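> I would like to see how this sequence folds:
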Amino acid sequence: MDASFERNTKPRLDDHPGATAASLFTDDLILEILSRLPARSVHRFKCVSVPWRDLIADPTNRNKLPQILAGFLYMTVSNNRRGHHFASVSSDDEAAPFDPSLPYLHNHDKDEGIIQVNSSNGLLLYRRYMKNNEVTPLMKEDDYRFVVCNPVTWRWVELPPLPQKPVVDRSSRTTGLAFDPAISSDFHVLHFEQTFQEKYITGVNIYSSRTGAWTHRGNEMAEKVMLFFRSRCIFVGGMLYLMGSLERNHCHHLLLGVDMEGKVWRTISLPYGGRFGAIGSSQGCLHYAVAFFDDNNQISGLELWCLQDCDSKELVLKHTASFNKLMSMTGKVYMTAEIHPDCDTIFLISCLGDTLVAYDMRHQKVGYILNLEKSNTQQLLPYVPLFSESLGDADGQ
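Numbering: from 1, shown residues only. The predicted model follows:
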């Protein structure tokens, strides 16, 4: 095409008095562009103009646009009673986007309760149990069922019973949810097992929403890996990751990754061996946040590591922060808890479990500080809204 013709036929801003570049796009085209961007960028574009702000905030467009972190679900235990809570990180709305107790998952005729297990890109995994049963790690599989739900659409599915296997050590069993709407509307649940006799992983039961059934895969790794109790499971790059240690060396902490067919198993060494940190999916990559100690065994700093290549077996250091600087800002002692899904911010929980603070590792500054219920806080689950109606073979509303 002739260059002069292209110059003469291109629309020009001066041909439209008072127009801006943004105003030349239709709403449908803007939504199509925004749907391909990270959630953090989409929310920043609310500042472009009033029409853009209204377009992004319109509830009818939510299922087309990526959503940013809304907050954290967590449980408390007081007098043997469990409470379900939500800590909002949104400046737009401090209220929970839904009832955190998820009343529609309770069958009151059967007097059932729920325990949160894991979250993955807007879906939540719970164990549903009879309230007259004592809730312990030694619960029999017949005493509970796994339930996967989308809390904003009220759609849920109860998984079939687990395959009957030999007696296992339930104190070390871990279950994870794997879901990525950018890849598929299907989800998987991986339930790891190990026996009393063998204190390392012996296999995994995998539920697929596509087939509606469980399959069992044995562990064919050369390494003997023991999982940490209530290890957090993170799904990224087609693999479910969780933390553990080598049976022969409990101080050698590592990441274990398993694919959705149970055919690929890999281990990745963690920095500082025996230190406990937090893993999370952020900006499409697996991240690891950990505290490091000085010669007097006192916490001196925080580090954020990243698995930049899913095929790599080595984490790369991204940021280092002074723990003393953080302490001077907050006046409390904190432990690493979670990692923001869209930026290099880590969340730390106070030793008393009553405060959650966001710390920007890139700019070395404290963000919002959230007050939690002061009653034995248990397991924070990050929550990002998912407005898609699809949920496998959902049998709920």
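
> could you find the closest non-adjacent residue to residue 144?
If you skip the residues right next to it in sequence, residue 144 has residue 129 as its closest partner in space, 4.1 Å away by C-beta to C-beta, 6 or more residues apart in numbering. C-beta here means a position set from N, CA and C on the backbone, and glycine is covered the same way.

> surely the one you found touches residue 115?
Yes. In this structure, residue 129 is within contact of residue 115 by C-beta atoms under 8 Å, at 6.9 Å.

> heading C-terminal from the one helix or strand the residue nearest to residue 144 maps to, find the next helix or strand.
Applying DSSP states H and E as the criterion places residue 129 in strand 123-130. Proceeding N to C from strand 123-130, the next assigned helix or strand is strand 144-150, under DSSP H and E.

> so what touches that following strand?
102, 105, 114, 117, 122-130, 133, 155-159, 161, 175, 177, 187, 189, 191, 207, 209, 386, 388, 391-392, 396 (C-beta atoms under 8 Å, 6 or more residues apart in numbering).

> bridging across strands, which residues link to residue 205?
residue 191, residue 216 (DSSP bridges).

> wait, it sits on residue 219?
No. Between residue 205 and residue 219 there is no contact under C-beta under 8 Å: 11.9 Å.

> which neighbours do these two share?
Here residue 205 and residue 219 have no joint contacts, going by C-beta under 8 Å, 6+ apart.

> got the buried residues for the strand or helix carrying residue 77?
Residue 77 belongs to strand 71-78 when assigned by DSSP H and E. Residues 71-76 are the ones in strand 71-78 that count as buried (16 or more other C-beta atoms under 10 Å).

> ok, those vs residue 378, which is closest?
Ranked by distance to residue 378 (C-beta to C-beta), the buried residues of strand 71-78 are led by residue 75 at 4.6 Å.

> burial measure for the residue nearest to that closest one when sequence neighbours are not counted, as a count.
Of all residues not flanking residue 75 in the chain, residue 378 sits nearest, at 4.6 Å (C-beta to C-beta, 6+ apart). Residues near residue 378, counting by other C-beta atoms under 10 Å, number 15.

> the helix or strand harbouring residue 378 pairs with which strands?
Secondary structure assignment for residue 378, by DSSP H and E: strand 377-383. Within its sheet, strand 377-383 is paired with strand 71-78 (antiparallel), according to DSSP bridges.

> could I have the partner strand exported to PDB, CA atoms only?
Extracted in PDB, the C-alpha atoms of strand 71-78 (Å, rounded to 0.1, in the frame of the first residue of the first chain):
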ATOM      1  CA  GLY A  71      -9.400 -10.600  49.700                       C
ATOM      2  CA  PHE A  72      -8.800 -13.700  51.800                       C
ATOM      3  CA  LEU A  73     -11.200 -16.300  53.200                       C
ATOM      4  CA  TYR A  74     -10.200 -17.800  56.500                       C
ATOM      5  CA  MET A  75     -11.600 -19.800  59.400                       C
ATOM      6  CA  THR A  76     -11.500 -19.300  63.100                       C
ATOM      7  CA  VAL A  77     -12.000 -21.900  65.900                       C
ATOM      8  CA  SER A  78     -13.500 -20.900  69.300                       C
END
